[in-house]
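1. Return atomic coordinates for the entry below.
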Amino acid sequence: MNILKLLLLPFAFIYGFITSFRNFFYNVGIFKSYAFDIPIISIGNLCMGGTGKTPHCEFLIQNLYKQYNLVYLSRGYRRKSRGLQIIKIDDNSQKAGDEPLQIKRKFPHIVVAVSRNRVKGIQEILNNFPQTQIIILDDAFQHRSVRPAINILLSNFFHLYTKDNLFPIGSLRESRRGYKRADLIIVTKTAKIFPMMLKNIVEHEIKPLPYQKLFFTYYKYSNFLPAISNNIYKKNPKTSRILLFTGIADANPLVDHLKLNNYRVEHISFPDHHIYSKNDIIRIIKTFENMIGTNKIILTTEKDLMRIRGNQEIEGILNQYPLYYILINVKFHFDEEQKFLSLIAKMIDTNLPLRQKDIEF
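-> Residues are numbered from 1 along each chain as shown. Alright, predicted model coming up:
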């Protein structure tokens, strides 16, 4: 252990003590948890981010919204609005948050809502949208005030929670023992080629409990898409050099994907959920203009694009440049997508009774 980690050890101990007592109080009923009479699907992680929650939420929505009246509920991180907000397609990220806005624009027919207080948010949703059959809670593994019917835990393959430490030494929000609350565990962001031997090694490392099922996913990326609708640049550009800018927790899989496809990549990284300023865009443009050659483009993620669209000044600057974005889709290894969806369907059917009064725990 290096000196910095040694200095941070007392703070990690205090943090672990607090979070462990919090979980204990929920487990014994001193703190109240609420169950609802419709299935609540929670997707979250033990660490502070970078496991791919939004693409996995989108995967679930894509496969469930035609069968059920579905609502997506998120905190709406870094939004400036307060209370419960029902998101519209023409909202901006300051009201909605980048991820909820992305989901609303991708799935315009479902209800997308943001609320910091998950219990109150769910109660208001059920009052305002009584036809709701399923609610997907994004980033809710630590929100013990809601007792989900299905608890899905994500862990980045390159940063497994079993090898992580409590904050501030590591990135864990709570003790590794929290994994016991999960019904399904998904190891995310693996390579597209993932041998069975490696699967067995990770499964031995995680040691899922008898009631837990373990799955492995990877990302499939789209072609490059024009980021601004009235931009003169066309789809699927022929290029060899890319200036990539991102404000996401973990851009490494995307960078690796681009390099594996023989692109020369220069990457400007911003913090997760970064709100882009005019100076940020000027920095990006200057870096792009200083890149050698003419066969080059600017690339970003769909999530980052949500924080750019609607800002007329920034869009006006970027509209003069070949700006593209890329979509992320979740794929399951070992032909287990249908197995995963069948388990979800079974759990939903088990927890889909007639509307009843909320139950306290």
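
2. Specify the strand with the largest residue count in this structure.
-> strand 213-221 (DSSP state E).

3. got the buried residues for that strand?
-> By 16 or more other CB atoms under 10 Å, the buried positions in strand 213-221 come out as Leu214, Phe215, Phe216, Thr217, Tyr218, Tyr219. Any C-beta I mention is one placed from the backbone N, CA and C, and that applies to glycine too.

4. Stretch 284-294 too?
-> Ile284, Ile285, Phe288.

5. Thr301: which of those is nearest?
-> Ile284 (13.7 Å; CB to CB).

6. Ignoring the adjacent residues along the chain, who's closest to Glu266?
-> Using CB to CB, 6 or more residues apart in numbering and skipping residues adjacent in sequence, the residue nearest Glu266 is Leu243, 5.2 Å away.

7. residues in contact with the one you found?
-> Residues in contact with Leu243 (CB atoms under 8 Å, 6 or more residues apart in numbering) are Glu266, Ile268, Ile284, Thr287, Phe288, Met291, Lys296, Ile297, Ile298, Leu299.

8. about what we covered before: next, format the buried residues of strand 213-221 as a markdown table and append distance to Ser175.
-> Shown next, in a markdown table, are the buried residues of strand 213-221 (distance: CB to CB, whole Å):
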| residue | distance to Ser175 |
| --- | --- |
| Leu214 | 20 |
| Phe215 | 23 |
| Phe216 | 24 |
| Thr217 | 25 |
| Tyr218 | 28 |
| Tyr219 | 29 |
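
9. Using a markdown table, please lay out these together with distance to Leu153 and pLDDT.
-> Below are the buried residues of strand 213-221 laid out as a markdown table (distance: CB to CB, whole Å; pLDDT from 0 to 100):
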| residue | distance to Leu153 | pLDDT |
| --- | --- | --- |
| Leu214 | 10 | 98 |
| Phe215 | 11 | 98 |
| Phe216 | 13 | 98 |
| Thr217 | 13 | 98 |
| Tyr218 | 17 | 98 |
| Tyr219 | 18 | 97 |
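
10. And the helices in the chain, which stretches?
-> Using DSSP state H, the helices of the chain run over residues 3-28, 53-64, 93-96, 98-106, 118-128, 196-206, 252-260, 278-290, 302-306, 312-318, 337-350.

11. Show me what the fifth one is packed against.
-> Using 3 or more CB pairs under 8 Å, 6 or more residues apart in numbering; DSSP states H and E as the contact test, the elements touching helix 118-128 are strand 70-74, strand 111-114, strand 134-138.

12. ok, and for it, which residues are buried?
-> Within helix 118-128, the residues that count as buried by 16+ other CB under 10 Å are Arg118, Val119, Gly121, Ile122, Gln123, Glu124, Ile125, Leu126.

13. between those, which is nearest Pro210?
-> Among the buried residues of helix 118-128, and counting by CB to CB, the member closest to Pro210 is Arg118, at 28.9 Å.

14. Quick one: residues contacting the closest one.
-> So Arg118 contacts Leu73, Arg75, Leu137, Ala140, His143, Ser145, Val146 (CB under 8 Å, 6+ apart).

15. Mind doing that once more with 10 Å?
-> 34, 40, 42, 73-75, 135, 137, 140, 143-146 (CB atoms under 10 Å, 6 or more residues apart in numbering).

16. and it, how far is that from Leu154?
-> 18 Å (CB to CB, to the nearest Å).

17. got it, and Leu64?
-> For Leu64, the distance to Leu154 - CB to CB - is 17 Å.

18. which regions of the stretch 201-350 of the chain lie under the pLDDT threshold?
-> 229-236 (pLDDT under 70).

19. Please parse the chain into its domains.
-> The chain breaks down by automatic domain parsing into domains covering 32-219+333-354, 223-326.

20. want to throw those domains into CSV with distance to Phe25?
-> Listed next are these as CSV, based on distance: least, CB to CB, whole Å:
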stretch, distance to Phe25
domain 32-219+333-354, 9
domain 223-326, 29
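
21. number of nearby residues for the closest residue to Ala227 other than its chain neighbours?
-> What sits nearest to Ala227 in space, not counting adjacent residues and going by CB to CB, 6+ apart, is Leu323, at 4.3 Å. Neighbour count of Leu323, defined by other CB atoms under 10 Å: 26.

22. now do His333
-> Neighbour count for His333, taken as other CB under 10 Å: 20.

23. Tell me the spacing between it and Ile186.
-> Applying CB to CB, the value for His333 to Ile186 is 10 Å.

24. Find the residues that touch each one of those two.
-> Counting by CB under 10 Å, 6+ apart, the contacts common to His333 and Ile186 are Phe215, Phe216, Thr217.

25. between Leu64 and Leu154, which one's more packed in?
-> In this view Leu64 and Leu154 are compared by other CB under 10 Å, and Leu154 has more residues nearby, 27 against 19.

26. who's in contact with that one?
-> The contact partners of Leu154, by CB under 10 Å, 6+ apart, come to 43-47, 50-53, 55-56, 139, 141, 161, 182, 184-189, 215, 217.

27. Now, those residues that are in strands?
-> Within those, residues falling in strands by DSSP E are Ile43, Gly44, Asn45, Leu184, Ile185, Ile186, Val187, Thr188, Phe215, Thr217.

28. Those into TSV, with extra columns for distance to Asp256?
-> Listed next are the ones in strands among the contacts of Leu154 as TSV, based on distance: CB to CB, whole Å:
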residue	distance to Asp256
Ile43	24
Gly44	25
Asn45	21
Leu184	26
Ile185	23
Ile186	19
Val187	17
Thr188	14
Phe215	21
Thr217	16
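
29. Noted, bye for now.
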